[in-house]
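J.: the following block contains a protein sequence and its predicted model.
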There are 2 protein chains.
Amino acid sequence: MKFDRMSSAGYLVNNLGRLLVEKLRTRIAPLGIVPGQFPALLALWEQDGLTQKELLAMLDIEQATLANTLTRMERDGLIVRKEHPADARARTIHLTDQGRSIRDPAHLAAMQINQEILADFSEKETQEFLDYMRRIIAKVKEAEEPN
Amino acid sequence: MKFDRMSSAGYLVNNLGRLLVEKLRTRIAPLGIVPGQFPALLALWEQDGLTQKELLAMLDIEQATLANTLTRMERDGLIVRKEHPADARARTIHLTDQGRSIRDPAHLAAMQINQEILADFSEKETQEFLDYMRRIIAKVKEAEEPN
DNA sequence: TAGCATTGCATGGCTAGCTATGTAATAATA
DNA sequence: TATTATTACATAGCTAGCCATGCAATGCTA
């Protein structure tokens, strides 16, 4: 009985995931950000001044992971956290000028990577691939939350 | 200009990768192993007594990552490292009885996950999906090593 | 309104990936 | 053969994910 990694969806997804994170890392390094900060930045570029809880609701990571990522983002001068006007437990999260300024090149880097890795794919194949991914994600999430 | 994560191949691959790692983690926890150990175990189940270098050549991780994983595997009683008969720098890696004994259930867990997440896929769709993944992986690797 | 439950966030400890670097052993060479 | 280069592996330090837990503030309720 043999297990062939190249025929294992799980193995392939994981392997590609790591490759793409590293690719993104090198692309966005000049902007002073790292891959883990990307989803939070995307959300904050859409809407600034959120609380951690509100931001968390937009992301697919755990609260503790976000808290640590935000701490590093603050350290790196991308965001500042201000006291919440009405709730002393909460803090609102605001992009700095620097955090705001890298929006376009960061978007571009991510879009270029997506485009490059799918350069040999037809439009139909690209859509099929994205659809397969979304279907599997939905399936996994449904399995872990049967409600 | 908006960036839609659900249309980003990179984001989707990553998101799914994490979901699947966690799924695997819960499945194999009863066996006393964790996902990072899986590839090394697969290789050792195929061939025991390899050096770290030989094992590394079969895996898609960096040397330092493997060294740390092997240390944890030894700590957890899955492997032992013995002195190499001819080269005092190297050590040969051997499965313990415990490491050997979990082979079948571990294989089964991984195969079941692959099967479950693709349960709604036709055979054709499954093959297409795997093929798309392999094509993209090849593309990314080719891009980073133009030779 | 006093006490308890809940909430918002932070922290600790783990796995697992990465790069860079150290160290001892081996191999190559001047 | 003495020195230098290379090799095999380990270690340090980082990001980034996870779960469990702590703590202060807020909300609820008897």
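T.: Received it, and whenever you're ready, just let me know what you need. Residues are numbered from 1 along each chain as shown, chains lettered A, B, ... in the order given.

J.: next secondary structure after the helix or strand in which A:Ala110 is found?
T.: Per DSSP states H and E, A:Ala110 falls inside helix A:103-117. Using DSSP H and E, the helix or strand that follows helix A:103-117 in sequence is helix A:123-144.

J.: what is the neighbour count of A:Leu19?
T.: A:Leu19 has 21 neighbours, counted by other C-beta atoms under 10 Å in any protein chain shown. For the C-beta atoms, the positions are set from N, CA and C on the backbone; glycine is no exception.

J.: that should have said A:Thr26, apologies.
T.: When neighbours are counted by other C-beta under 10 Å, A:Thr26 comes out with 10.

J.: re the thing from before, which other residues reach the helix holding A:Ala110?
T.: A:20, A:23-24, A:27-28, A:31, A:33, A:38, A:41, A:45, B:1, B:3, B:8-10, B:136, B:139-140, B:143 (C-beta atoms under 8 Å, 6 or more residues apart in numbering or on different chains).

J.: and that helix, what's buried?
T.: By neighbour count with 16 or more other C-beta atoms under 10 Å in any protein chain shown, helix A:103-117 contains the buried residues A:Arg103, A:Ala106, A:His107, A:Ala109, A:Ala110, A:Ile113, A:Asn114, A:Ile117.

J.: check stretch A:19-33 too.
T.: A:Leu19, A:Leu20, A:Val21, A:Lys23, A:Leu24, A:Arg27, A:Ile28, A:Leu31, A:Ile33.

J.: among these, which lie within helices?
T.: A:Leu19, A:Leu20, A:Val21, A:Lys23, A:Leu24, A:Arg27, A:Ile28 (DSSP state H).

J.: point to the residue nearest the middle of chain A.
T.: A:Pro39 (3.3 Å; C-alpha atoms, centre = their mean).

J.: burial count for the closest residue to that residue other than its chain neighbours?
T.: In this structure, A:Pro39 finds its nearest non-sequential neighbour in A:Leu59, 5.1 Å apart by C-beta to C-beta, 6 or more residues apart in numbering or on different chains. Close neighbours of A:Leu59, defined as other C-beta under 10 Å, add up to 16.

J.: contacting residues around A:Leu59?
T.: Taking C-beta under 8 Å, 6+ apart as the criterion, A:Leu59 is in contact with A:Pro39, A:Ala40, A:Ala43, A:Leu66.

J.: report the two of those residues separated the most.
T.: A:Ala43 and A:Leu66 (10.2 Å; C-beta to C-beta).

J.: any shared contact partners between these two?
T.: With C-beta under 8 Å, 6+ apart as the test, A:Ala43 and A:Leu66 both reach A:Leu55, A:Leu59.

J.: surely the residue nearest to the centre of chain A is in a helix?
T.: Yes. Secondary structure assignment places A:Pro39 in a helix (DSSP: H, G, I helix; E, B strand; the rest coil).

J.: and it, how close does it get to DNA strand C?
T.: Computed as C-beta to the nearest atom of the strand, to the nearest Å, the A:Pro39 to DNA strand C distance reads 16 Å.

J.: try A:Pro30
T.: A:Pro30 sits 15 Å away from DNA strand C, going by C-beta to the nearest atom of the strand.

J.: residues near the closest residue to chain B within chain A, how many?
T.: At 3.4 Å from chain B, A:Gly17 is the closest residue in chain A, using C-beta to the nearest C-beta. Applying other C-beta under 10 Å, we find 20 other residues in the vicinity of A:Gly17.
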